[in-house]
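Visitor: give the three-dimensional model of this entry:
(one chain, ligands or ions: 2)
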Amino acid sequence: MPTVRRIVHEFLERRGLTTIFGNPGSNELPFLTELPESFRYVLGLHEGVVVGMADGFSQVTGKPVLVNLHSASGSGNAMGALTNAVYSRSPLVLTAGQQVRSAVGMEAMLANVDAAQLMKPLVGWAGEPTCAGDVPRSLAQAVFEAELRRRPTYLSVPYDDWDVELDSSAAVTLGRDVRRGLVPAEAVSAELVDRVGEARNPVLVLGGDIDADGLFDRAVALAEHLNLPTWVAPSPHRLPFPNRHPLARGVLPAAIAGVARAFEGHDLVLVLGAPVFRYHQHVPGEYLPAGCSLVQVTDDAGAAARAPFGEALVADPGAVIEALLAGLPSRRVERPFTPNPEPAVGEGALHPEQVFAALRDTGADDTRYVVESTSTNGSWWRQMDLRRPGSYLFPASGGLGFGLPAAVGAGLGRPDRPVVAVVGDGSANYGVTALWTAAQHRVPVTFVILRNGTYGALRWFAGLLGTPDAPGVDIPGLDFTSIAEGYGVPAVTVTDVEDLRSRLKAPADGPRLIQVDTQPTTPD
Ligand code: TZD
Ligand code: CA
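Guide: Ligands and ions are numbered 1, 2, ... in the order given. Below you'll find the predicted structure:
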């Protein structure tokens, strides 16, 4: 008779969840023993890094990923990084080892008291099987809930369950398939097609789901077909549209008044694959200019329900894109891509624009950039020219500690594309142990650390919020070359732009870190 362990391993194998990101403890070892050959265990030295790596891996593969955490303490450490996975809609399946069943009630060491409750409200679903016999089904549910809701899930399993033998009926779960398909009814589609066709001056807004769903090229086709000015929804965690495309209008400002200003003169805003909207700075005002209406198409029922204004259609954005392409005549106008401006030049240290221009000029077209540098946002979009799907990842909740780990996860998940992490000297600290995993697995990521000696974005915010005397915004005395070497990653400091360019051009067969001293800037 098969054990719970055998059945669960086989289920995971059949579903392709054979890369496990984890940081184990005693409660988890009974699950991890006797793993079949096809499994790969990627050890992270801190649970925030474990989840960040899994998030990057999931985002580039488009698949659910198994994460293994240690009881309550490991789960708690994972929680900050988990906020990013929630907003990137990454289907991470978190598992945590529980004490043996008889020891949970008395709160023995390592009991995870009320485990499912611990991770709510971040996860879309959380549970602990009521008996060993229900572990395979519960694990399958955790995987399917993550896929269907596109949100992390959490399962706590008492460690004395894994050796329990089950009869053959427990294996029926193995063969299950669960899918989603949200194509709108024809009449609903037709109504939306007419509405866009009749609009006097429509505008398109694209969100991260467009890139995540493999719709980047179809969204470009739609914008070009209808000659639609195209914005990226505020606070993007992925890039859904080429940023120098002649129809690209940039990233919408993350404030109510700024968004309304951007829509001035338009009568219809069509939002595909984004919440409405992920504002950040609170600048109150009208949500839309007079005479303008908004329609949001998303497969995320929660995002549709919580939007403060506009109409929403819960459907696959891809189905709506195809309906619009098929249903409306072409208004296409050929125009060249918009060239990048000359980079600003720093004094005393490199301007971030010089660094980004060097990346742009030396990087392969299909390079994936994982970015976590907050005060350099404007410089980034001015200097980059990203034309491929999956070129850009950014922490989706704004929770730092994503950049280094997600770059490692992206490199492990899709080794066919080069990965460059562009990370601030502040952000790098939250996920720095990812360097060790990169070194151990020889993941060929180039880590570019922008060292400006400060939490640049906080300095800028201090000005906006009228709090110039707030402490805790400078971070002098950090040297990432010594830190990286300690984790096994070769590293250099660069102060000259030509030196930077020649180093970026040099081939690398493993991870490397380039620390660049940069001039402080503001995000705009
Ligand atoms: N802690 C966590 C986990 N997430 C956060 N977002 C912050 C603190 C607050 N924070 C920001 O929102 S931006 C920032 C902090 C500390 C500064 C990041 O510094 P950096 O980048 O060096 O990475 P810049 O370009 O100098 O701003
Ligand atoms: Ca900084």
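Visitor: how about the residues of the stretch 401-524 of the chain by ligand 2?
Guide: Residues of the stretch 401-524 of the chain lying close to ligand 2 by Cβ under 5 Å from the ion are 424-426, 452, 456. C-betas here are computed from N, CA, C, even on glycine.
Visitor: once you drop chain neighbours, what's closest to the residue nearest in space to the middle of the chain?
Guide: In the chain, the residue lying closest to the centroid (Cα atoms, centre = their mean) is Ser88, at 4.4 Å. Residue nearest to Ser88 in three dimensions, not counting chain neighbours: Ala396, with 3.8 Å by Cβ to Cβ, 6 or more residues apart in numbering.
Visitor: secondary structure element for that neighbour?
Guide: Counting by DSSP states H and E, there is no helix or strand that carries Ala396.
Visitor: tally of neighbours for it?
Guide: Close neighbours of Ala396, defined as other Cβ atoms under 10 Å, add up to 23.
Visitor: can you tell me how far it is from Pro240?
Guide: For Ala396, the distance to Pro240 (Cβ to Cβ, to the nearest Å) stands at 13 Å.
Visitor: common neighbours of those two, please.
Guide: Common neighbours of Ala396 and Pro240, using Cβ atoms under 8 Å, 6 or more residues apart in numbering, are Gly208.
Visitor: re earlier: just checking, the residue nearest to the centre of the chain touches Gln59?
Guide: Yes: applying Cβ atoms under 8 Å as the test, Ser88 and Gln59 come out as touching, 6.1 Å apart.
Visitor: quick one: contacts for the residue nearest to the centre of the chain?
Guide: Counted by Cβ under 8 Å, 6+ apart, Ser88 has contacts 55, 59, 208, 212, 237-238, 393, 396.
Visitor: tell me which of these fall in strands.
Guide: Leu393 (DSSP state E).
Visitor: just send the contacts of Ser88 back as a markdown table, with pLDDT and distance to ligand 2 too.
Guide: Formatted as a markdown table, the contacts of Ser88 follow (pLDDT from 0 to 100; distance: Cβ to the ion, whole Å):
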| residue | pLDDT | distance to ligand 2 |
| --- | --- | --- |
| Asp55 | 98 | 22 |
| Gln59 | 98 | 24 |
| Gly208 | 98 | 24 |
| Ala212 | 98 | 28 |
| His237 | 98 | 20 |
| Arg238 | 98 | 23 |
| Leu393 | 98 | 19 |
| Ala396 | 98 | 20 |
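Visitor: what's the closest of the contacts of Ser88 to Thr153?
Guide: Closest approach between the contacts of Ser88 and Thr153, by Cβ to Cβ: Asp55, at 13.8 Å.
Visitor: that closest one: neighbour count?
Guide: 31.
Visitor: what about the residue in the stretch 51-200 of the chain that ligand 1 sits nearest to, which SS state?
Guide: The minimum distance from the stretch 51-200 of the chain to ligand 1, using Cβ to the nearest ligand atom, falls at Gly80 (5.3 Å). The three-state assignment at Gly80 reads helix, by DSSP: H, G, I helix; E, B strand; the rest coil.
Visitor: for the closest residue to it other than its chain neighbours, give me the pLDDT.
Guide: Nearest residue to Gly80 in three dimensions, chain neighbours excluded: Gly399, at 5.2 Å (Cβ to Cβ, 6+ apart). At Gly399, the model reports a pLDDT of 98.
Visitor: equivalent analysis for Ala171, please.
Guide: 80.
Visitor: kindly confirm my reading that Trp231 is in a strand.
Guide: Yes: according to three-state DSSP, Trp231 belongs to a strand.
Visitor: what separation do you get for it and Asp524?
Guide: The value you get for Trp231 to Asp524, if Cβ to Cβ is used, is 16 Å.
Visitor: related to what we said a few turns ago, neighbours of the residue of the stretch 51-200 of the chain closest to ligand 1, just the number please.
Guide: That count, for Gly80 with other Cβ under 10 Å as the rule, works out to 19.
Visitor: kindly report the same for Trp436.
Guide: Counted with other Cβ under 10 Å, Trp436 comes out at 21.
Visitor: so what's the residue lying closest to it once chain neighbours are set aside up against?
Guide: Nearest residue to Trp436, sequence neighbours excluded (Cβ to Cβ, 6+ apart): Tyr487, at 4.2 Å. If you count contacts by Cβ under 8 Å, 6+ apart, Tyr487 has them with 432-433, 435-436, 439.
Visitor: now stretch 250-261: buried residues?
Guide: 251-257, 259-260 (16 or more other Cβ atoms under 10 Å).
Visitor: please apply the same query to stretch 468-477.
Guide: 473, 475.
Visitor: quick check: mean pLDDT of that stretch?
Guide: The model assigns stretch 468-477 a mean pLDDT of 93.
Visitor: contacts (any at all) between ligand 1 and it?
Guide: No: residues of stretch 468-477 are not located near ligand 1 by Cβ under 6 Å from any ligand atom, the shortest gap being 6.9 Å.
Visitor: now do that stretch: everything it contacts.
Guide: 425-426, 453-455, 458-459, 462.
Visitor: so which of these belong to strands?
Guide: Per DSSP E, the contacts of stretch 468-477 never map to strands.
Visitor: taking the stretch 151-300 of the chain, what residue is nearest to ligand 2?
Guide: Closest residue of the stretch 151-300 of the chain to ligand 2, Cβ to the ion: His280 (18.3 Å).
Visitor: hmm, I typed the wrong one, I wanted the stretch 251-400 of the chain.
Guide: Ser375 (6.5 Å).
Visitor: helices or strands up against the helix-or-strand element of the chain with minimal mean pLDDT?
Guide: Ranked by mean pLDDT, DSSP states H and E, the helix or strand of the chain with the weakest confidence is helix 456-464, at a mean of 89. The contact analysis (3 or more Cβ pairs under 8 Å, 6 or more residues apart in numbering; DSSP states H and E) places helix 456-464 against no helix or strand.
Visitor: list the buried residues in that helix.
Guide: Of the residues in helix 456-464, those buried (16+ other Cβ under 10 Å) are 456-461.
Visitor: ok, now stretch 113-128?
Guide: For stretch 113-128, burial by neighbour count (16+ other Cβ under 10 Å) applies to 115, 118-119, 122-128.
Visitor: check stretch 167-183 too.
Guide: 170, 173.
Visitor: equivalent analysis for stretch 278-296, please.
Guide: Within stretch 278-296, the residues scored as buried using 16+ other Cβ under 10 Å are 278-279, 287-289, 292, 294-296.
Visitor: among these, which are in strands?
Guide: 294-296.
Visitor: once you drop chain neighbours, what's closest to Gln383?
Guide: Phe356 (3.7 Å).
Visitor: who's in contact with the one you found?
Guide: Taking Cβ under 8 Å, 6+ apart, one finds 343, 376, 379-380, 382-384, 422 in contact with Phe356.
Visitor: may I ask you to confirm that Pro523 belongs to a helix?
Guide: No: assessed by three-state DSSP, Pro523 does not belong to a helix; its assignment is coil.
Visitor: if I read this right, it contacts Thr376, doesn't it?
Guide: Yes: between Pro523 and Thr376 a contact is recorded at 7.2 Å, counting by Cβ under 8 Å.
Visitor: need the overlap of contacts for these two.
Guide: Counting by Cβ under 8 Å, 6+ apart, the residues touching both Pro523 and Thr376 are Gly456.
Visitor: please save the CA atoms from stretch 453-471 in CSV.
Guide: In CSV, the C-alpha atoms belonging to stretch 453-471 read as follows (Å, rounded to 0.1, in the frame of the first residue of the first chain):
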residue,chain,number,x,y,z
GLY,A,453,24.5,55.5,-0.2
THR,A,454,20.8,56.3,0.6
TYR,A,455,17.2,55.1,0.5
GLY,A,456,16.8,57.5,-2.4
ALA,A,457,13.0,57.0,-2.8
LEU,A,458,12.5,57.8,0.9
ARG,A,459,14.4,61.0,0.6
TRP,A,460,12.1,62.0,-2.2
PHE,A,461,9.0,61.0,-0.3
ALA,A,462,10.3,63.0,2.7
GLY,A,463,10.1,66.0,0.5
LEU,A,464,6.6,65.1,-0.8
LEU,A,465,5.2,64.4,2.7
GLY,A,466,6.9,67.4,4.4
THR,A,467,9.0,65.2,6.7
PRO,A,468,12.5,66.3,5.9
ASP,A,469,13.9,65.5,9.4
ALA,A,470,12.7,61.9,9.5
PRO,A,471,15.7,59.6,10.5
